[in-house]
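In: Structure, please.
(chains A and B)
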Amino acid sequence: MASIDLQNITKIYRDAKRKRDLLAIDDVSLSVQPNEFLCLLGSSGCGKSTLLNMIAGFEKPTTGTVTVGGKPVGGPGADRGMVFQQANLMPWLPVWENVAFHLRLKGWRKADRRRAAQEYIDMVGLRGFENHYPAELSGGMSQRVGIARALLLNPQVILMDEPFAALDAQTKMDMQEELVAIWQKQRCTVVFVTHSVDEALVLGTRVAVMTSRPGRIRELIDLDLPRPRDITSPRFNDHKRHILNLIREEGMQQRQGVAA
Amino acid sequence: MTALTKSWERLAVPLFILAAWEVFSRSGVLPEALLPAPSVVLHTWADWIAGFDESSQANSGRWLADALSSALRVAAGYAIAAVSGVALGIAIGWWRWVERTVEPTIQMLRPVPPVSWIPLAIIWFGIANKPAIFLVFLGAFFPILMNTIHGVKTADRNLIRAASMMGATEQQLLRHVVFPAALPSIFAGLRIGIGAAWMLTVTAEMVAVKSGLGYVLWDSYYFLRYDLVLAAMASIGLLGFATDGAIKLLMSATLHWQHGSTLQSREG
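Out: Residues are numbered from 1 along each chain as shown, chains lettered A, B, ... in the order given. The predicted structure follows:
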């Protein structure tokens, strides 16, 4: 089981046009334990996706280290599964070939790839759509394919970048439920980026509330709510109120900062 | 819509033009030798193909050989252009250093009309197949190259990210993501290229080669056989139409995954 360690991460973007540096992430340290479901919660532009991209290996921190399972992250790789905001399926491949894309890269024979894909297609509830092309799928179905594709890597870490943000409310709820079920079954570590307080509270075992410009972790909240989470329960709403207050305070400080 | 009305739609305009032309030629406004009627052209053409009454003189019965020698030149030059254009286009689109080092030279050569290479082509390759193949290559190469570069450059960056997250090496990215993503553009280039290929075969045959449809066309002009000139023009048009149709078929078979997601997929 792999844990994720972020140590003293800062990220500075050079704004070449204005000859100014922008501090995007300021000294973030964070440990994610094996089998944890961590939600990174923050408004857009707070650097939560940047942090996720660092774990994925798409971006490098300016200072600080990122390790997954004790090994420093050198670049993207199949030891971590990633589910993107858009499903990012290869439009020229049918569903099962998309799910088994990793095996195609590894040179598996077609029949073996087909067989291996089926387990994950069934897991995300897409039986019967194996030979559909991405253009024929709805947004929710595309994301299911994206999740199945990440699961097939059998990764110890799954990174998710607002994967349900573009879905309608009903589909989103169904997908959240299924994701929790899959996570409980697969026993993997999940880092889930979202801007929705409700989503973070429905999914996470822990929520990291981030502040923006520069991005910092304002508070780490342990959630010991029973599953399935009841979004109408008093304890759920206590957490929600607390987080919303944090966000509101943050917004006020920012407005004052701008005014000063 | 029924198949019958559909084929009427396609045939109405060409049939009308042919009928008007026939009437005009027979009206005697122009001497008939200057604008032979379609029926005359068809008669000569038929003899050129089947050789029954030698109305096409020395060319009688030689159409297949003429068409074949033109088509083989097109095939050879086009094949070289397709392979090198796609390969170089992917390299230029993918690697910055290739773009920086190679592209300026290519962009300087591109505006030079292929026909202006004819003198050099004759000096280098003599009077035979080679200068024609060289010209066909030049004509088809640039559109294929430019469209391939465009296809690679507009490939969805997110698909590349997704594939590298699944452990793809650079070579695998090119083969499994960039190339298929560029295919719609590559086919656009291939279709423009085949038109250019026929144009340049015929041009080369008029100047530098002693066989093929273009040679018959130019030779007939010297002998004032405008019916043969028109038959040659029609032959080139039909062969060009057929080869483009073949590429279109190959395209819709290869890009079948676009069905239902693009405007193009509405037809047929």
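
In: Mind jotting down where the strands sit in the stretch 101-250 of chain A?
Out: Along the stretch 101-250 of chain A, counting by DSSP state E, counting those that start in this stretch, strands occupy A:157-161, A:189-194, A:206-211, A:216-222.

In: could you dump the ones you listed to a markdown table with mean pLDDT, distance to residue B:248 and mean neighbour count?
Out: For every residue, glycine as well, the C-beta is placed using N, CA and C. Converted to a markdown table, those look like this (pLDDT from 0 to 100; distance: least, C-beta to C-beta, whole Å; neighbours: other C-beta atoms under 10 Å in any protein chain shown):
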| stretch | mean pLDDT | distance to residue B:248 | mean neighbour count |
| --- | --- | --- | --- |
| strand A:157-161 | 94 | 40 | 24 |
| strand A:189-194 | 95 | 44 | 25 |
| strand A:206-211 | 92 | 53 | 22 |
| strand A:216-222 | 90 | 57 | 16 |
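
In: Determine which of those strands approaches chain B most closely.
Out: With C-beta to the nearest C-beta as the criterion, chain B lies closest to strand A:157-161 of those, at 8.5 Å.

In: Distance of the residue lying farthest from the centre of chain B relative to chain A?
Out: In terms of distance from the mean C-alpha position of chain B, residue B:165 ranks first, at 40.7 Å (C-alpha atoms, centre = their mean). Using C-beta to the nearest C-beta, to the nearest Å, residue B:165 is found at 5 Å from chain A.

In: Residue B:241 too?
Out: For residue B:241, the distance to chain A (C-beta to the nearest C-beta) stands at 28 Å.

In: Quickly find the element holding that residue.
Out: Element membership for residue B:241, per DSSP states H and E: helix B:226-254.

In: So what does residue A:133 have for phi and psi?
Out: phi -100, psi 150 (degrees, to the nearest 10).

In: State the pLDDT value of the spatially closest residue to it that is not a sequence neighbour.
Out: Nearest non-adjacent residue to residue A:133, counting by C-beta to C-beta, 6 or more residues apart in numbering or on different chains: residue B:257, 4.8 Å away. We note a pLDDT of 87 for residue B:257 in this prediction.

In: Confirm that residue B:257 lies within a helix, as I assumed.
Out: Yes. Per DSSP: H, G, I helix; E, B strand; the rest coil, residue B:257 lies within a helix segment.

In: That one touches residue A:135, doesn't it?
Out: Yes. Contact criterion C-beta atoms under 8 Å: residue B:257 and residue A:135 qualify, at 7.0 Å.

In: Out of the strands of the stretch 101-250 of chain A, flag the one nearest residue A:74.
Out: Judged by C-beta to C-beta, the one of the strands of the stretch 101-250 of chain A that comes nearest to residue A:74 is strand A:157-161, at 14.7 Å.

In: CA atoms only: put the closest one into CSV for me.
Out: Output in CSV follows, covering the C-alpha atoms of strand A:157-161 (Å, rounded to 0.1, in the frame of the first residue of the first chain):
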residue,chain,number,x,y,z
VAL,A,157,-3.0,5.4,-5.9
ILE,A,158,-5.9,6.9,-7.9
LEU,A,159,-5.8,10.6,-8.6
MET,A,160,-9.1,12.3,-9.6
ASP,A,161,-9.3,15.9,-10.9
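
In: That one pairs with which strands, parallel or anti?
Out: Paired with strand A:157-161 in the same sheet, following DSSP bridges, are strand A:80-83 (parallel), strand A:189-194 (parallel).

In: Adding distance to residue B:250, write the strands of the stretch 101-250 of chain A out as a markdown table.
Out: What follows is the strands of the stretch 101-250 of chain A, written out as a markdown table (distance: least, C-beta to C-beta, whole Å):
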| stretch | distance to residue B:250 |
| --- | --- |
| strand A:157-161 | 38 |
| strand A:189-194 | 43 |
| strand A:206-211 | 52 |
| strand A:216-222 | 55 |
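
In: Show me what from chain B comes close to chain A.
Out: Residues of chain B found near chain A (C-beta under 8 Å from any C-beta of the partner chain) are B:156, B:158-159, B:161-168, B:172, B:176-177, B:180-181, B:183, B:255, B:257-261.

In: Of those residues, just the buried ones, PyMOL syntax please.
Out: Only the buried members of the residues of chain B next to chain A end up in this PyMOL selection, burial being decided by 16 or more other C-beta atoms under 10 Å in any protein chain shown:
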select buried, chain B and resi 159+161+162+163+164+165+166+167+168+172+176+177+180+181+183+255+257+258
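
In: Touching both of residue B:257 and residue A:135, which residues are there?
Out: Residues touching both residue B:257 and residue A:135 by C-beta atoms under 8 Å, 6 or more residues apart in numbering or on different chains: residue A:91.

In: need the contact list for residue 204.
Out: As the question left the chain open, I've gone with chain A. A:37-39, A:192, A:223.

In: other chain: chain B
Out: By C-beta under 8 Å, 6+ apart, the contact set of residue B:204 is B:73, B:118, B:121, B:131-132, B:135-136, B:214.

In: The residues you listed into a markdown table, with extra columns for secondary structure?
Out: Shown next, in a markdown table, are the contacts of residue B:204 (three-state DSSP):
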| residue | secondary structure |
| --- | --- |
| B:73 | helix |
| B:118 | helix |
| B:121 | helix |
| B:131 | helix |
| B:132 | helix |
| B:135 | helix |
| B:136 | helix |
| B:214 | helix |
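
In: If we only consider the residues you listed, which is nearest to chain A?
Out: Comparing these against chain A with C-beta to the nearest C-beta places residue B:136 closest, at 30.1 Å.

In: That closest one reaches residue B:78, doesn't it?
Out: Yes. Using C-beta under 8 Å, residue B:136 is in contact with residue B:78, at 6.1 Å.

In: which of those two has more neighbours?
Out: Neighbour count, other C-beta atoms under 10 Å in any protein chain shown: between residue B:136 and residue B:78, residue B:136 has more, with 32 against 28.

In: Check the more buried one and give its pLDDT.
Out: Predicted confidence (pLDDT) for residue B:136: 96.

In: Can you give me the distance of it to residue A:130?
Out: Here the criterion is C-beta to C-beta, to the nearest Å. By it, residue B:136 lies 44 Å from residue A:130.

In: For the worst-scoring helix or strand of chain A on mean pLDDT, list every residue counted as buried.
Out: Ranked by mean pLDDT, DSSP states H and E, the weakest helix or strand in chain A is helix A:234-259, scoring a mean of 84. Within helix A:234-259, the residues scored as buried using 16+ other C-beta under 10 Å are A:236, A:239, A:243, A:246-247, A:250.

In: Quickly note the distance from residue A:237 to chain B.
Out: Distance, residue A:237 to chain B, by C-beta to the nearest C-beta: 37 Å.

In: What about the closest residue to chain B within the stretch 101-250 of chain A, how many residues nearby?
Out: Chain B sits closest to residue A:135 of the stretch 101-250 of chain A, with a gap of 3.6 Å, by C-beta to the nearest C-beta. With neighbours defined by other C-beta under 10 Å, the count for residue A:135 comes to 16.

In: repeat for residue B:198
Out: 26.

In: The host helix or strand of it: how far from the chain's middle?
Out: Using DSSP H and E, residue B:198 sits within helix B:179-207. Here the centre of helix B:179-207 is set off from its chain's centre by 5 Å, with C-alpha atoms, centre = their mean, to the nearest Å.

In: For it, give the mean pLDDT please.
Out: 95.

In: now the angle from that helix to helix B:226-254?
Out: Calculated by axes from the mean of the first three to the mean of the last three C-alpha atoms, to 10 degrees, helix B:179-207 forms an angle of 170 degrees with helix B:226-254.

In: Taking the contacts of residue A:204 together, which two end up most distant?
Out: Largest pairwise distance in these, by C-beta to C-beta, is 12.6 Å, between A:192 and A:223.
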